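A.B. asks: Fold the following.
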Amino acid sequence: MPKVIAPTDIKYLLGNLSRPNYYQMNFSIPLIGGLSGYLALRGVDPYFINNEVGLLCNAASLPGSNLATTESYNFHGNKETMAHTLMYDSLRLEFYCDNSYKTLKFFEHWIGFIASGGGVDLGQSNYSRELRYPDEYKSNACKLYKFENDNRSVDATSLNITRFIDYSFVGLFPVDLFETPLNYGQGSGVTQVSVAFNYDRHIPGSINTIDILNLKNNNFIPLVANTIDRLNNGLLSSFIN
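C.D. replies: As a prediction, this is how the structure comes out:
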């Protein structure tokens, strides 16, 4: 039933809208399989990967997902639609390139490593590429954090962000390093690198061990999670009419 909405209700809603320019991308690559050493030999050190390249991400998007469906005509005259597969969109990120070109090298050589199973390409006329096994190049520890920069979201003492939503990517790897535009002229801006990633799945909400212990993983609210668990076990059945 419709109801009268007071101006204070609208003020509260519009005063608590999320802003798209507060986010952080964190990268981590497999320590086994040779990718880390392959990148280090090309000037991309682990510190840059873990702590700096994510800060150079100047444009991102929260991951999307969609359900593939099929149609059924089991009942005469009725068409039913049902889901059969959960699918994920690719992730596209844009980065500022530092003047040592570590940003460009990181993604260029990550892709190069995936196709380097036949050895390093030294320009031989008979060189052929072999693709590496997925476990060697897929990352299971990359995260995208979305937060707000206000007094309610930042701890005044530690300056840690206390209110945020994060997405964990499983099986993430770059599939497309787009052309990097260059041009003459003064004030032509900063070199930017655009990369598209595929991944096996993403998980909304923290999956850290401490959050699982505190029932705060996967965006659970601890009190609600406990209540639902007790309801499922029949402990609160006497309160249900």
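A.B. asks: and His109, what does it touch?
C.D. replies: Contact analysis of His109 by C-beta atoms under 8 Å, 6 or more residues apart in numbering lists 38-39, 42, 44. No exception for glycine: its C-beta is placed from N, CA and C like everyone else's.
A.B. asks: Could you report the separation of it from Leu39?
C.D. replies: For His109, the distance to Leu39 equals 6 Å [C-beta to C-beta, to the nearest Å].
A.B. asks: so Val50, which of the three states?
C.D. replies: Wrong residue type there; residue 50 is Asn, not Val. The assignment at Asn50 comes out as helix when based on DSSP: H, G, I helix; E, B strand; the rest coil.
A.B. asks: For ChimeraX, what selects the buried ones among the contacts of His109?
C.D. replies: Entered in ChimeraX, the line below selects the buried ones among the contacts of His109, by 16 or more other C-beta atoms under 10 Å:
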select :38,39,44
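A.B. asks: Out of the contacts of His109, which sit inside helices?
C.D. replies: Counting by DSSP state H, these place 38-39 in helices.
A.B. asks: now, which of the contacts of His109 sits nearest Asn16?
C.D. replies: In terms of C-beta to C-beta, no member of the contacts of His109 lies closer to Asn16 than Val44, at 40.3 Å.
A.B. asks: quick one: contacts for that closest one?
C.D. replies: By C-beta under 8 Å, 6+ apart, the residues touching Val44 are 102, 105-106, 109.
A.B. asks: let's see 6 Å
C.D. replies: Listed by C-beta atoms under 6 Å, 6 or more residues apart in numbering, the contact set of Val44 reads 102, 105-106.
A.B. asks: so what pLDDT did it get?
C.D. replies: On pLDDT, Val44 comes in at 94.
A.B. asks: Which single helix of the chain contains the most residues?
C.D. replies: helix 102-114.
A.B. asks: need the next SSE after that one, C-terminal direction.
C.D. replies: helix 134-137 (DSSP states H and E).
A.B. asks: which helices and strands sit right next to that following helix?
C.D. replies: Here helix 134-137 touches no other helix or strand, going by 3 or more C-beta pairs under 6 Å, 6 or more residues apart in numbering; DSSP states H and E.
A.B. asks: Could you tell me which residues within that helix count as buried?
C.D. replies: 136-137.
A.B. asks: Which is the succeeding secondary structure element to it?
C.D. replies: Following helix 134-137 in sequence order, the next helix or strand is strand 142-147 (DSSP H and E).
A.B. asks: which other helices and strands contact that next one?
C.D. replies: Packing partners of strand 142-147 (3+ C-beta pairs under 6 Å, 6+ apart): strand 23-26, strand 164-170.
A.B. asks: quick one: the residue of the chain most remote from its centre from Arg129, how far?
C.D. replies: The outermost residue of the chain relative to its centre, with distances by C-alpha atoms, centre = their mean, is His76 at 44.0 Å. Separation of His76 from Arg129 (C-beta to C-beta) stands at 55 Å.
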